[in-house]
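Asks: I would like the atomic coordinates for the input below:
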Amino acid sequence: MFANPNYLPHPEALAETFRSTGQWNDDTVAGWVEAWAERQPDKVAIEQLDGQTCTYAELNDKSLRLANSLLKLGIRQGDVVAIQMFSSIEFLVAYLGVTRMGAVLATMHMPYREGELEPLLRFAEARAIICAPSDGKYGGPEMMGRLRQRISSLEHIILARGERNGFDCLHLAEMMASAEPAAIVNPPRAADPALLCFTSGTSAAPKGVMRSSETLTADARVYVGTIGLTKEDRSMIAPPFTHVFGLLCANNAFYTGGTILPVEQFVPEVYVQMLEVMRPTVVYSAPAHLASTLKGGLLEGRDLGSVRQVILGGSICPPQVAADFEAHLPNGKVGSLFGMTEVLLVTQTPMDEGPDVRHWTVGRPIPGVEARIVSADGAPVANSEEGELQLRGFTILPGYMKNDAANAAAFTSDGWFRTGDLAVWDDKGNITITGRVKDLINRGGIKINPSDIENTIVEHDAVVMAAVVPMPDDVLGERICACLTLKPGARIELDELCAFLSTRGIAKMRWPERLFVIDEMPMTPTRKIIKGVLQSRVRQELCP
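Replies: Sure, this is the predicted structure:
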């Protein structure tokens, strides 16, 4: 049995507690798919808007073939295989194929370019990467080829679909065709690492969370009960599978034997078309998805009668957005969950409660997960008093990968995980998220770490100091504002700054959307920028 040396398991005593209570067991997601392939082989597991489908029998066959092909290629248990791919049948085949032979799948967001990918792939020590084909905006294979020249561990580039166009790489379809769907000899255990996701940064020391199948499957087994998910449900998943939210939603469907309707790339018009044409019963979304469709008036006259419930996560949803969207659902309700890469899906609003709970709170912790809200000095706060949300239980990470400093800051002395989110209790035990302790910018549910953007901006000849802060936005929740002090006589425009960031490999989704030039940065006595003051000025002067 091979093990990834960077995997940080839970302390054995704690792990044994989770196993003895039945919260953890020997399940794997691939095992669920294999069981459904025997029980309902012709049931559609994945259905795309373009008409492509994949049954449980086909999904099991494809993923087994890929698993055996990876073993023939020399990938071993514990190795990391990265993926940068749109939500699709190919993505889920890769997820199951990689994990069922014992490798670890590391997800990379689609907007990331070389500047973001290189430190993550290097940090993960990835041996292979599965990528989307090139198009007018994305040069996946060529970009991966350049990265392969610079990252010693990266040996194989696998094209997920489309044509090679002369590029030297492997192809997912050919790999599956060349291998047999044979049972894996010495398969991985549920306790082995299966998934690596990055949380808040792409700097030299990113926060990587490596997960075993034990925690991934345990979360699905408990969470699906909070929304009553069954094998008859058709789950439309808008969060990308590169985000832990999206992949956990897929796990939910695989556990129940239902059908997954992946949103390949979010476009408001396509999103609404899927709601009407593909007849989902359950819809997982970020608040920004709802706000975009409402702002564009795209829901008017649509038949959304199939939707039973919309589950929101990823960022705080304005209650009015939830209410306005729900008004277009003749048979459906909108509710919210709370989740993080570090904790998985851990709360859910009771869908039989009224809008005062479903639209204003993230509900209650799932069974087996404890929550507390504490003041700055660690004391529990009374109902309606704001404090930091802290969690512990069978879904909580044991620690970040190769990051002792982050681990020391993330956990309290008595073992609670600090979420960094501010929250309050109500009288029914529901939690409302009121803000964040951290500096992360939450742009449409994607957490953006400003530090490496700031470090790149100050490399510009005109810039003396830079601070990147959020500014409120009624569609995405937050947008990015760059606050700058400039050299005497220097000038810079937003377009010029964004072009500069592009040349340095910063992805477009992380470019500033407003520029705020000031004479002097607000500073502490120790010369740290006071971002709270900047945010207040941005709200007052740019967001009247």
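Asks: where do the helices of the stretch 401-544 of the chain begin and end?
Replies: 404-410, 451-457, 494-503, 531-542 (DSSP state H, counting those that start in this stretch).
Asks: which other residues reach the third one?
Replies: Read that as helix 494-503. Here helix 494-503 makes contact (CB atoms under 8 Å, 6 or more residues apart in numbering) with 453, 456-457, 460, 482, 508, 510-515. In short, each C-beta sits where N, CA and C put it, glycine included.
Asks: how far off centre is that helix?
Replies: Remark: helix 494-503 is offset 27 Å from the chain centroid, using CA atoms, centre = their mean, to the nearest Å.
Asks: flag every buried residue along that helix.
Replies: By neighbour count on 16 or more other CB atoms under 10 Å, the buried set for helix 494-503 is 497-498, 500-501.
Asks: could you dump the residues you listed to a markdown table with pLDDT and distance to Gly162?
Replies: Compiled in a markdown table, these are given as follows (pLDDT from 0 to 100; distance: CB to CB, whole Å):
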| residue | pLDDT | distance to Gly162 |
| --- | --- | --- |
| Leu497 | 95 | 34 |
| Cys498 | 95 | 29 |
| Phe500 | 95 | 32 |
| Leu501 | 95 | 28 |
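Asks: and of those, the nearest to Val209?
Replies: Leu501 (27.0 Å; CB to CB).
Asks: ok, the closest one to Leu304 distance?
Replies: 39 Å (CB to CB, to the nearest Å).
Asks: equivalent analysis for Gly332, please.
Replies: 7 Å.
Asks: which other helices and strands contact the lengthiest helix in the chain?
Replies: Across the chain, the longest stretch assigned as helix under DSSP state H is helix 56-73. Helices and strands touching helix 56-73, by 3 or more CB pairs under 8 Å, 6 or more residues apart in numbering; DSSP states H and E, are helix 29-39, strand 44-47, helix 89-100, helix 172-177.
Asks: for ChimeraX, write the select line for the buried members of the contacts of helix 494-503.
Replies: The following ChimeraX line selects those of the contacts of helix 494-503 that are buried, judged by 16+ other CB under 10 Å:
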select :453,456,457,460,482,510,511,512,515
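Asks: and which of the contacts of helix 494-503 is nearest to Asn403?
Replies: Top of the list for closeness to Asn403, among the contacts of helix 494-503 and by CB to CB, is Ile453 at 20.1 Å.
Asks: so how many other residues sit close to the nearest residue to the closest one once chain neighbours are set aside?
Replies: With sequence-adjacent residues excluded and distances taken as CB to CB, 6 or more residues apart in numbering, Ile453 is closest to Val468, at 5.1 Å. If you count neighbours by other CB atoms under 10 Å, Val468 ends up with 23.
Asks: surely Val468 meets Glu454?
Replies: Yes: the criterion here is CB atoms under 8 Å, and Val468 meets it with Glu454 at 5.3 Å.
Asks: list the residues that contact both of these two?
Replies: Counting by CB under 8 Å, 6+ apart, nothing touches both Val468 and Glu454.
Asks: residues in a beta bridge with Val104, which ones?
Replies: Beta-bridge partners of Val104, counted by DSSP bridges, are Val80.
Asks: on that earlier part again, take the contacts of helix 494-503 and keep only those in strands.
Replies: 482, 514-515 (DSSP state E).
Asks: residues of stretch 465-485 that come out buried?
Replies: 465-471, 473, 475-485.
Asks: next step: these restricted to strands.
Replies: Those of these lying in strands (DSSP E): 465-471, 473, 477-485.
Asks: OK, contacts around the residue lying closest to Gln84 once chain neighbours are set aside?
Replies: Leaving out its chain neighbours, the residue that sits closest to Gln84 by CB to CB, 6+ apart is Met108, at 4.2 Å. By CB under 8 Å, 6+ apart, the contact set of Met108 is 82-84, 116-117, 120-121, 129, 242.
Asks: max pairwise distance over the residues you listed: which two?
Replies: Ile83 and Glu116 (14.6 Å).
Asks: now, among the contacts of helix 494-503, which is nearest to Ala191?
Replies: Checking the contacts of helix 494-503 against Ala191 by CB to CB gives Arg510 as the nearest, at 35.7 Å.
Asks: my guess is Gln535 contacts Val469, does it?
Replies: Yes: using CB under 8 Å, Gln535 is in contact with Val469, at 4.9 Å.
Asks: where does the residue nearest in space to the middle of the chain land on pLDDT?
Replies: What sits nearest the mean C-alpha location of the chain, by CA atoms, centre = their mean, is His243, with 2.0 Å. pLDDT for His243: 91.
Asks: does it touch Gly444 like I think?
Replies: No: using CB under 8 Å, His243 is not in contact with Gly444; the gap is 10.9 Å.
Asks: need the overlap of contacts for the two.
Replies: Contacts common to His243 and Gly444, judged by CB under 8 Å, 6+ apart, are Gly314.
Asks: which SS state does Asn255 fall under?
Replies: One thing to correct before we go on: residue 255 is Tyr, not Asn. On the three-state scheme (DSSP: H, G, I helix; E, B strand; the rest coil), Tyr255 is labelled helix.
Asks: give me the number of residues near the residue nearest to Pro188 when sequence neighbours are not counted?
Replies: Using CB to CB, 6+ apart and skipping residues adjacent in sequence, the residue nearest Pro188 is Gly102, 3.6 Å away. When neighbours are defined as other CB under 10 Å, Gly102 has 26 of them.
Asks: same check, this time on Thr434
Replies: 13.
Asks: doesn't Leu389 make contact with it?
Replies: No: look at Thr434 against Leu389 with CB under 8 Å: they stay out of range, at 9.5 Å.
Asks: about what we covered before: give me whichever of the helices and strands packed on helix 56-73 is most buried.
Replies: helix 89-100 (a mean of 26; mean count of other CB atoms under 10 Å).
Asks: between helix 29-39 and that helix, find me the angle.
Replies: Computed by axes from the mean of the first three to the mean of the last three CA atoms, to 10 degrees, the angle separating helix 89-100 from helix 29-39 equals 110 degrees.
Asks: which other helices and strands does helix 89-100 contact?
Replies: By 3+ CB pairs under 8 Å, 6+ apart, helix 89-100 packs against helix 29-39, strand 53-55, helix 56-73, strand 80-84, strand 104-107, helix 172-177, helix 244-256, strand 259-262.
Asks: quick one on the thing from earlier: for the residue nearest to Gln84, give me the pLDDT.
Replies: Listed pLDDT for Met108 reads 94.
Asks: go on, Met523?
Replies: The per-residue pLDDT of Met523 was computed as 66.
Asks: and Asn430, how close does it get to Gln77?
Replies: 42 Å.
Asks: if you could redo that for Thr281, that was the one I meant.
Replies: Distance from Thr281 to Gln77, by CB to CB: 37 Å.
Asks: same question, Glu276
Replies: 44 Å.
Asks: same check, this time on Ile373
Replies: Counting by CB to CB, the gap from Ile373 to Gln77 is 41 Å.
Asks: residue with max distance from the center of the protein?
Replies: Gly489 (42.7 Å).
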